[in-house]
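Asks: A structural model of the following input is requested.
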Amino acid sequence: MTGARPHLHLSRHAQVTGILQAGGAVDDVARILGLDRDHAQKAIERAREWHQRNPGDHRHHAVPPALPPEVVNGGPACAEVDPELFFIGDQRGAHNTYDQARRVCAACHVRAPCAAYAVADQSLAGMWGGLTPQERDAIRRQKRGTP
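Replies: Prediction:
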């Protein structure tokens, strides 16, 4: 892959792979990643092509642990709202905070496995399981015993 930010490709690949490893299908990829069905299918095809070109054990590369099946199949609360709510950045501008997303996550019955997945997968952006990227980084540092 060419370009200045290949990690963006790997991040999406990792997310798609995690969903598929958990038994998810194209509709699950679309719902969880906020894609339409056609884009979800293309993302799955690209992930499968990557694995065909790079066979073997990828646990120490871009592929995260599988998204817990209860998050894929459990009807997370985030599937019912605008996915952009969970990301701060260019799409939402400076007016968005994670407050609304945090309220959605707080009421979700799959919050704990979603948060655990997000802590394990450093490639994820946005709010997952009620945790911001900065909060997940702090948890990782605490687990490693570093300040």
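
Asks: report the contact partners of the nearest residue to residue 108 once chain neighbours are set aside.
Replies: Nearest residue to residue 108 in three dimensions, chain neighbours excluded: residue 77, at 3.8 Å (C-beta to C-beta, 6 or more residues apart in numbering). No exception for glycine: its C-beta is placed from N, CA and C like everyone else's. Taking C-beta atoms under 8 Å, 6 or more residues apart in numbering as the criterion, residue 77 is in contact with 104, 105, 107, 108, 109.

Asks: give me the subset of those residues that lies in helices.
Replies: Members of these lying in helices (criterion: DSSP state H): 104, 105.

Asks: from the contacts of residue 77, keep the buried residues only.
Replies: Listed as buried from those are 104, 105, 108; burial here means 16 or more other C-beta atoms under 10 Å.

Asks: out of the residues you listed, flag the one nearest to residue 142.
Replies: Nearest to residue 142, judged by C-beta to C-beta, of the buried ones among the contacts of residue 77 is residue 105 at 20.0 Å.

Asks: CA atoms of the strand or helix carrying residue 40 as PDB?
Replies: Using DSSP states H and E, residue 40 sits within helix 37-53. Output of helix 37-53 as PDB, limited to C-alpha atoms (Å, rounded to 0.1, in the frame of the first residue of the first chain):
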ATOM      1  CA  ARG A  37     -23.600  -2.900   3.000                       C
ATOM      2  CA  ASP A  38     -21.600  -2.500  -0.300                       C
ATOM      3  CA  HIS A  39     -18.600  -0.900   1.500                       C
ATOM      4  CA  ALA A  40     -18.700  -3.500   4.200                       C
ATOM      5  CA  GLN A  41     -18.600  -6.300   1.500                       C
ATOM      6  CA  LYS A  42     -15.600  -4.600  -0.100                       C
ATOM      7  CA  ALA A  43     -13.800  -4.300   3.200                       C
ATOM      8  CA  ILE A  44     -14.400  -8.000   3.800                       C
ATOM      9  CA  GLU A  45     -13.000  -8.800   0.400                       C
ATOM     10  CA  ARG A  46      -9.900  -6.700   1.000                       C
ATOM     11  CA  ALA A  47      -9.300  -8.300   4.400                       C
ATOM     12  CA  ARG A  48      -9.600 -11.800   2.800                       C
ATOM     13  CA  GLU A  49      -7.300 -10.900   0.000                       C
ATOM     14  CA  TRP A  50      -4.800  -9.600   2.500                       C
ATOM     15  CA  HIS A  51      -4.900 -12.900   4.400                       C
ATOM     16  CA  GLN A  52      -4.400 -14.900   1.200                       C
ATOM     17  CA  ARG A  53      -1.300 -12.900   0.300                       C
END
